[in-house]
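*Asks:* Test case, fold it:
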Amino acid sequence: MRQENPGSDQRPEVILDDEPPPEEDGTAGTESRPAPQAATAPSGGDMLPIRPLGRVGAPRGAEATSEEFSMWVPDDQIVEKTQLVRAETEMGSTPVRLYGLVSEVSRRSRRVDILEESDRYDNEPGDTVPTSPGGVTYARVRVLASEPPFLAPPREESPVYAGDPADAAVAYGMADMSMPVAVGLVRNGGDATAGPAMVDLDYLLGALGGHCNVTGIAGVGTKSSLLTILLTQILSALAGSTASGAAATQARAVILNVKGFDLFWVDHWSKSFTQADASMWQVMGQPTPRPMDVSFLAPQAPGSEHNAIPTGRDGVHPYSWSLSDIIARDLLRYLSVMRSAATTTSPSCSATLSACSSVSAPRAMAP
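*Replies:* All right, here's what the predicted structure looks like:
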């Protein structure tokens, strides 16, 4: 048996209503670790506390890990799949912020199985029951980043807040980019966004890599639209950097139109372009969006030295290479594969974009 100190009084202390409560010494019966600071939002000159979206839950079967955790939300709050959230927690005695993406949202009642759900209404869906069934909405969150970068789970009951553009910049690594350029808006649930979605030009223009892979639905213009948006933003960013006094960077965009002549109209406004699209461009740093300034070239028409093949528009310049051009410019080696694939090298780094999931791109200005 555990032996208690005989000199200590183990009886609970009784305080009468007319007696003042004893003063706390600040040490006995309290934890030494500091609590995270509550998030606040400005309101005029005061800082008002922000209500959490929910709190971390870690019951049996839904334990928190270093990669994901669960959170519950009250009935008057909404949490959405693909929403960005921030958890304020502690690891050891260190306050930590965890940034995560909601991977799924679920709802469960207090009933054990579906039979109990049916029994509550006597198997008659038209009946009404005066008492509340009780239940909870909860979400599973995938951890994206943490500050400081600890690989540990959050503590249960830690408050979780809805993410904002500043949180998105940290969660997706945009705060660490040396040359960020906006290519869309970060999705934050169904219709909401969390600021501009950035890519690092160092991974696109050769400093750290020179490749961009775009995935999207085939046949509806998602990939072409995103690439024209990306080109517009890259050229605009380089022009702005040069205008601000930075070293001039020469950049030329070559677009190969491989299906029909859809891209031969990128210098025209789209009929579907709306004020909402213009607002998205403004968030991306384009206060006055406009179509691209482009020169068009098409193969030379057979039997003509000055006309291009029909493209459906005017102002198209013809191009061609004769055998004498190939010989004079030493281009013969480009007409066939001279080396095996084993000698081909690839960039060490790449930037991958998705045109249909995590990035919400505005409508292209051109049709």
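*Asks:* What ranges does the stretch 51-200 of the chain have for its helices?
*Replies:* 114-119, 165-171 (DSSP state H, counting those that start in this stretch).
*Asks:* Check the stretch 201-350 of the chain too.
*Replies:* All helices of the stretch 201-350 of the chain, identified by DSSP H, counting those that start in this stretch, fall at 222-243, 275-283, 323-328.
*Asks:* Save those helices as CSV, and put in mean neighbour count and distance to Ala175 too.
*Replies:* (Glycine included, C-beta is placed from N, CA and C.) What follows is the helices of the stretch 201-350 of the chain, written out as CSV (neighbours: other Cβ atoms under 10 Å; distance: least, Cβ to Cβ, whole Å):
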stretch, mean neighbour count, distance to Ala175
helix 222-243, 18, 17
helix 275-283, 15, 17
helix 323-328, 10, 50
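*Asks:* if we can go back for a sec, weakest of the helices of the stretch 51-200 of the chain by average pLDDT?
*Replies:* Least confident of these, judged by mean pLDDT, is helix 114-119 with a mean of 88.
*Asks:* Tell me which residues are up against that helix.
*Replies:* With contacts defined as Cβ atoms under 8 Å, 6 or more residues apart in numbering, helix 114-119 is touched by 109, 111.
*Asks:* Next: stretch 294-311.
*Replies:* Stretch 294-311 has contacts (Cβ under 8 Å, 6+ apart) with 255, 261, 264, 266-267, 313, 315-320.
*Asks:* how near is Arg252 to Phe150?
*Replies:* Taking Cβ to Cβ, to the nearest Å as the measure, Arg252 falls 45 Å from Phe150.
*Asks:* more crowded one of those two?
*Replies:* Neighbour count, other Cβ atoms under 10 Å: between Arg252 and Phe150, Phe150 has more, with 14 against 5.
*Asks:* what's the nearest residue to that one if we skip its chain neighbours?
*Replies:* Nearest non-adjacent residue to Phe150, counting by Cβ to Cβ, 6 or more residues apart in numbering: Met91, 5.1 Å away.
*Asks:* which residues does that neighbour form a beta bridge with?
*Replies:* Counting by DSSP bridges, Met91 is bridged to Thr94.
*Asks:* hang on, it packs against Pro149?
*Replies:* No. The pair Met91 and Pro149 does not pass the contact test of Cβ atoms under 8 Å, sitting 10.9 Å apart.
*Asks:* Quick check on these two: which one has the bigger neighbour count.
*Replies:* Using other Cβ under 10 Å, the more surrounded residue of Met91 and Pro149 is Met91, with 16 against 7.
*Asks:* measure that one to Pro153 for me?
*Replies:* For Met91, the distance to Pro153 equals 8 Å [Cβ to Cβ].
*Asks:* likewise Arg55?
*Replies:* As for Arg55, its distance to Pro153 is 14 Å (criterion: Cβ to Cβ).
*Asks:* Please say which of those two ends up with more neighbours.
*Replies:* More crowded of Arg55 and Pro153, by other Cβ under 10 Å: Pro153, with 21 against 16.
*Asks:* I'd assumed Ser66 was in contact with that one.
*Replies:* Yes. With contact defined as Cβ under 8 Å, Pro153 and Ser66 form a contacting pair (5.6 Å).
*Asks:* out of the contacts of stretch 294-311, who's nearest Gln77?
*Replies:* Proximity of the contacts of stretch 294-311 to Gln77 (Cβ to Cβ) peaks at Val266, which lies at 43.4 Å.
*Asks:* I'd say that closest one and Met292 touch.
*Replies:* Yes. Using Cβ under 8 Å as the test, Val266 is close enough to Met292 to be in contact (4.9 Å).
*Asks:* Contacts made by stretch 98-111 with the rest, please.
*Replies:* Against stretch 98-111 from outside (Cβ under 8 Å, 6+ apart): 68-69, 79-87, 89, 117, 120, 133-147, 154, 163, 167, 170-171.
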